[in-house]
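Participant: fold the stuff below for me.
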Amino acid sequence: MEYPGNWHELMTWFPDNGACLRYLERLRWGDGFTCRFCGTVGRGWWQMGDGLRRCAECRAETSVTAGTIFAGTRTPLVSWFAAVWYVVNQKQGVSALGLQRVLGLGSYQTAWAWLHKLRRAMVLPGRELLSGAVEVDECYIGARRQGSGGRGAVGKAIVVIAVEERGQAPGRVRMRRVSNVTKDTLTDFVLDHVARHSEVRTDGWQGYFDIGKYRYQHSVTNVSASGDPAHVVLPHVHLVSSLVKRWILGTHQGAVSHHQLDYYLDEFTFRFNRRHSRHRGLLFYRLLQGAIATEPHPYRSLTRETAA
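Facilitator: Okay, the predicted model is just below:
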């Protein structure tokens, strides 16, 4: 499917809501209309006068934005498309205040909600697993309260990171916030993100000791015994750890709650894994794909998650 190559093309392709809706229809139903109520695929539908489609099987009516992050929006889709373009073209990320200023949105709350909805569309289930040589380690994000440092640092969020090795440079990244660093938690992370028969490289923490039971080649380096610092033993995962911490502090001034951290990690992952893309329009297309595959997140649900 085609996508705009620059801002001028974006404005030319999508001058009004009708053009945006037709593009979303091709994205969502390009392989045939699917009824979101009965699940029927390609069994026929009628186009209604108000832009809805009626399923020939169950007679339910739906729109292309129903069941997506655009559901119920009162803002023209032209503005949403401009927001998506702006988000994917800012390599270091976007603040809500910056988005509000650029698009002239009426309130900071609107810009904040839009960004959180788009973050939820950046990483979808069913992604290809990492493979080859993969480094795995944890990092700790946030201000530490008085207590022990290192693993189990009090007050910090624990984030497990897996990074493919691509020669001298890191490859694709996967991240997840976890509640602890036990064997069950760390093994589940590897199983969910790394293909079997890959080489998984870790330090000597006992939480990784079960990995070899699941058809992985587990390479362990005892950092203290090796004489090398951790960033030399596992260079790629420590680089990513440093970058994500710097990104949260720089772009978001560190103002990220533990309960929202997962979605910021998704944004970092989306940006990092596509950092070499030469076609920003392709990123626009990918994020729109995610937007129509992601369930609605009303403002109230977003604020509840923040306050949780």
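Participant: show me the helices in the protein, by range?
Facilitator: According to DSSP state H, the chain carries its helices in the segments 7-13, 17-29, 77-89, 96-103, 108-119, 183-193, 223-226, 230-233, 235-252, 261-273, 280-292, 299-307.
Participant: mind listing what's buried in the first one?
Facilitator: Translated: helix 7-13. Neighbour counts over helix 7-13 (16 or more other CB atoms under 10 Å) mark 10, 13 as buried. Using the backbone N, CA and C atoms, a C-beta is placed for each residue, glycine as well.
Participant: before we move on, what about the fifth one?
Facilitator: By neighbour count, and taking 16+ other CB under 10 Å as the criterion, the buried residues in helix 108-119 are 110, 111, 112, 113, 114, 115, 116, 117, 118, 119.
Participant: against which helices or strands is that helix packed?
Facilitator: When contacts are defined as 3 or more CB pairs under 8 Å, 6 or more residues apart in numbering; DSSP states H and E, helix 108-119 sits against helix 77-89, helix 96-103, helix 261-273, helix 280-292, helix 299-307.
Participant: least reliable of the helices of the chain going by mean pLDDT?
Facilitator: Lowest mean pLDDT within the helices of the chain: helix 223-226, at a mean of 64.
Participant: what number of residues lie near residue 71?
Facilitator: Using other CB atoms under 10 Å, residue 71 has 13 other residues around it.
Participant: how close does it sit to residue 284?
Facilitator: 20 Å (CB to CB, to the nearest Å).
Participant: what do you get for residue 98?
Facilitator: Using CB to CB, one gets 18 Å for the distance from residue 98 to residue 284.
Participant: how about residue 6?
Facilitator: Separation of residue 6 from residue 284 (CB to CB) stands at 10 Å.
Participant: which one of the two has more residues nearby?
Facilitator: Shown here are residue 6 and residue 284; by other CB under 10 Å, residue 284 has more neighbours (21 against 12).
Participant: which residues touch residue 220?
Facilitator: Residue 220 makes contact with 201, 202, 203, 204, 208, according to CB atoms under 8 Å, 6 or more residues apart in numbering.
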